[in-house]
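[1] quick one, fold the following:
(chains A and B)
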Amino acid sequence: MSDVTPQTTGAGQGDDWSLFRNRQVPQMVRLDVALEHGAYQGLKKALAEYTPEQVTQIVIDASLLGRGGAGFPAGRKWSFIPKAPGQKYLTVNADESEPGTFSNRELMETDPHQLIEGIALCCYAVGISQAFIYIRGEYVYAADQLDRAIAEARAGGYLGPNILGSDYSLEVFVFRGAGAYICGEESALLESIEGNRPMPRSRPPFPAVVGLYGRPTVINNVETICNVPRIVFKGADWYKTLGTPTSPGTKVYSISGHVRRPGNYELPLGTTLRELIYEHAGGVPGDRAVKAVLPSGAAAPWIPGDQLDLPLDYDNPKKVGTILGSASVIVMDETVSIPHATLRLTEFFRHESCGKCTPCREGTMWLEKTMERICAGEGVPGDLDLLIDVCSKINGRVLCALGDFAVSPIQSSLKFFRHEYEALIPGLAPVREPELVAADK
Amino acid sequence: MPLAPDTIAEIERIRAALPNTRSALLPALKAAQREQGWLPRETMAEVAERLDLDPNAAYMLATFYTMLHTEPVGHYHLEVCRSLPCYLLGCDAVIEALKERLGVELGEVSADGLFSVQIGECLGDCPHAPMMRVNDDYVGPLAPDTIGELLEILRARAGERVRGLAADPADGPPPNEGPLHYSNAIDARPLSTVRE
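    Numbering: from 1, shown residues only, chains lettered A, B, ... in the order given. Reported below is the predicted structural model:
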């Protein structure tokens, strides 16, 4: 079925601005190799020419939106940190556990110094002397690369005390997780670093005020931070030539599932699903029709196969009731049984519910049980209403977004593919609706 | 089994590098597991004690995280991804083939002590779906009809260094062979697969 072949993929691959410009360079973990390929130019420029406030302003002007999923403006997040002296922290979220998401891993494995430079710039801008990279435990190789790159950067004067001869100092610690989706939730992530069970905190207070060890803390995603060096080096005006007016820049789209060339594609924000699937990812094997697309892993509401002209930016997905999120696109072709795929997603959320909030802990269990019996052909006519009812009692009644994510596959699949559920439940007359995939053939 | 001097030194190094002792608990448990393969109660207690923490603090973490093992695992711990992208590419058949070939249920260790199988959630290697984690390394794509051959290759290599068990983490993965494709740790190779 598969033929593993290295692919040169994605627009921006050969461009000097791409986050993946050094993807094919061997040994990018070495400082000398990284410097040959332009690493730390943004940091040098910032320390020589800009005050910390100016660096923050450049990032605000670039309208860099958080790439981890929430899309919050990064520069504004930085500006919320109190200016008063005292310990503050940066925590880079490299937990990347959303099903179908693998962009941060490739960014860290192929160009660790790009992330480190971004960290140094963020910490300079905000006045932070201690940063953490919280990386999921399974990413052993990426974490090893980061550890080695940090050691070399420190020895070279790009981290540590008095960076590049300035009075700015920074230490970076790679904190490795141990397998838990919930650690991608920012307050659970902080609990994990503090050595507690990673369960989300009640907010407010927000981490910008009371974060790691009770101190003001910036939490940004890997890809967000990786964008900072090129923004600082080339300027906000340049950055805004990429993407759309309200979603400037590029996004790394991770595409998986039923496509010929799954992988990471860095493309301007606003690229349509159709272009991503057919031009970049090579289309669907066997030229089968797309039944549905999950635009952001397991978490986001689905896009049916007849809406592939949707531009993937921060605004347009909202118009059809979903989000760009982490842009981890999972494609399902016409052969997929929607209830069975939904069961798999429901099992994921049941497994990963941390257990703190009752609606999520108990609700995901009951959703899974109900989905299991429907898929086994043992559902009863009231089950679909039961699913909707349980979903409504989780959504919005829990401390973190995981509970809300957990209901989205069931709500989406029932919205678009209710007939597939009905066909599985004895006693429910299958009501055929128009084939949603027809328009895409 | 008390912790080895190297592990104790590693725990002290971690403790010194972090602003807060309790933060050292998770990395210290991982260091202990790297040495011993899993975390018996006594090991958890020793780790906690070395950090001046209650043993329950260690137990709370060991029972939460999937990568911390409170029961023995095989020389090779196989965590097979069952999340949606791997499901769409046939992971269920791979999991069945593994269980059948090894004669184990999920969570059990094979009779020779070499393999344990567990299902896991998305490991972030979807271009190589269906895939699994073999200790510290990612292996994929997998196919049910080549699982037997893949296990034989791993079995033949069992005497060699295994990443994830007292091996130098800076080492790369072992070489590919037959259906055994290590999909991580290859410099400058984009995460991509071509499917037809």
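[2] and the pLDDT for A:E435?
    At A:E435, the model reports a pLDDT of 55.
[3] can you tell me if stretch B:36-51 touches chain A.
    No: judged by C-beta under 8 Å from any C-beta of the partner chain, stretch B:36-51 makes no contact with chain A; its nearest approach is 8.6 Å. To be clear about C-beta, it is placed using only N, CA and C from the backbone, and glycine gets the same treatment.
[4] which other residues reach that stretch?
    Stretch B:36-51 has contacts (C-beta atoms under 8 Å, 6 or more residues apart in numbering or on different chains) with B:1-3, B:8, B:11, B:15, B:21-22, B:24-25, B:28-29, B:32-33, B:54-59, B:62, B:68-73, B:75, B:165.
[5] so for that stretch, what gets flagged as buried?
    B:36-40, B:43-48, B:50-51 (16 or more other C-beta atoms under 10 Å in any protein chain shown).
[6] with stretch B:57-71 instead?
    Buried, per 16+ other C-beta under 10 Å, within stretch B:57-71: B:57-59, B:61-62, B:64-69.
[7] how far out from the middle of the chain is that stretch?
    Relative to its chain's centre, stretch B:57-71 lies at 14 Å (C-alpha atoms, centre = their mean, to the nearest Å).
[8] likewise for stretch B:137-145?
    Per C-alpha atoms, centre = their mean, the centroid offset for stretch B:137-145 relative to its chain is 15 Å.
[9] and the end-to-end length of that stretch?
    Taking C-alpha to C-alpha, to the nearest Å, stretch B:137-145 runs 21 Å from one end to the other.
[10] cool, and stretch B:17-30?
    16 Å.
[11] is it in proximity to chain A?
    Yes: shown here: stretch B:17-30 in contact with chain A (C-beta under 8 Å from any C-beta) through B:17-27, B:29-30.
[12] now what about that stretch, what contacts it?
    Contacts of stretch B:17-30 (C-beta under 8 Å, 6+ apart): A:130, A:137, A:173, A:175-178, A:192-196, A:213, B:10-11, B:14-15, B:39, B:44, B:47-48, B:50-53, B:57-58, B:61-62, B:65, B:67-68.
[13] kindly recompute the last result at 7 Å.
    A:130, A:173, A:176, A:178, A:192-195, A:213, B:11, B:14-15, B:39, B:44, B:47, B:51-53, B:57-58, B:61-62, B:68 (C-beta atoms under 7 Å, 6 or more residues apart in numbering or on different chains).
[14] before we move on, the earlier item: so of the contacts of stretch B:36-51, which ones are in helices?
    Applying DSSP state H to the contacts of stretch B:36-51, the entries found in helices are B:8, B:11, B:15, B:25, B:28-29, B:32-33, B:55-59, B:62.
[15] report the buried members of the residues you listed.
    The neighbour count (16+ other C-beta under 10 Å) marks B:8, B:11, B:15, B:25, B:28-29, B:32-33, B:57-59, B:62 as buried among those.
[16] check what pLDDT residue 182 gets.
    Picked chain A for this. On the pLDDT scale, A:I182 gets 95.
[17] think we crossed wires, I meant chain B
    85.
[18] re the thing from before, return a PyMOL selection command for the buried portion of the residues of stretch B:17-30 next to chain A.
    Selection of buried members from the residues of stretch B:17-30 next to chain A for PyMOL, criterion 16+ other C-beta under 10 Å:
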select buried, chain B and resi 18+19+22+23+24+25+26+27+29+30
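[19] would you turn the residues of stretch B:17-30 next to chain A into JSON lines with distance to A:P295 and pLDDT?
    Formatted as JSON lines, the residues of stretch B:17-30 next to chain A follow (distance: C-beta to C-beta, whole Å; pLDDT from 0 to 100):
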{"residue": "B:A17", "distance to A:P295": "39", "pLDDT": "93"}
{"residue": "B:L18", "distance to A:P295": "37", "pLDDT": "95"}
{"residue": "B:P19", "distance to A:P295": "38", "pLDDT": "93"}
{"residue": "B:N20", "distance to A:P295": "38", "pLDDT": "94"}
{"residue": "B:T21", "distance to A:P295": "42", "pLDDT": "96"}
{"residue": "B:R22", "distance to A:P295": "38", "pLDDT": "97"}
{"residue": "B:S23", "distance to A:P295": "35", "pLDDT": "98"}
{"residue": "B:A24", "distance to A:P295": "39", "pLDDT": "98"}
{"residue": "B:L25", "distance to A:P295": "37", "pLDDT": "98"}
{"residue": "B:L26", "distance to A:P295": "33", "pLDDT": "98"}
{"residue": "B:P27", "distance to A:P295": "35", "pLDDT": "97"}
{"residue": "B:L29", "distance to A:P295": "37", "pLDDT": "98"}
{"residue": "B:K30", "distance to A:P295": "34", "pLDDT": "96"}
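[20] where does pLDDT dip in chain B?
    By pLDDT under 70, the weakly predicted segments of chain B are B:161-173, B:184-196.
[21] now for the ones in helices among the contacts of stretch B:36-51: which two are most distant?
    Pairwise distances across the ones in helices among the contacts of stretch B:36-51 (C-beta to C-beta) peak at 21.3 Å, for the pair B:I8 and B:N56.
[22] ok, A:T110 - contacts?
    A:20, A:22-23, A:28, B:188.
[23] what of B:R157?
    Listed by C-beta under 7 Å, 6+ apart, the contact set of B:R157 reads B:P174.
[24] with A:E372 instead?
    Here A:E372 is in contact with A:L343 (criterion: C-beta under 7 Å, 6+ apart).
[25] tell me which element it is part of?
    helix A:358-375 (DSSP states H and E).
[26] also A:D389?
    Per DSSP H and E: helix A:383-394 holds A:D389.
[27] and the contacts of that helix?
    Everything outside helix A:383-394 that qualifies as a contact, by C-beta under 7 Å, 6+ apart, is A:359-360, A:363, A:366-367, A:370, A:374, A:403, A:406-407, A:410-411, A:414, A:421, A:425.
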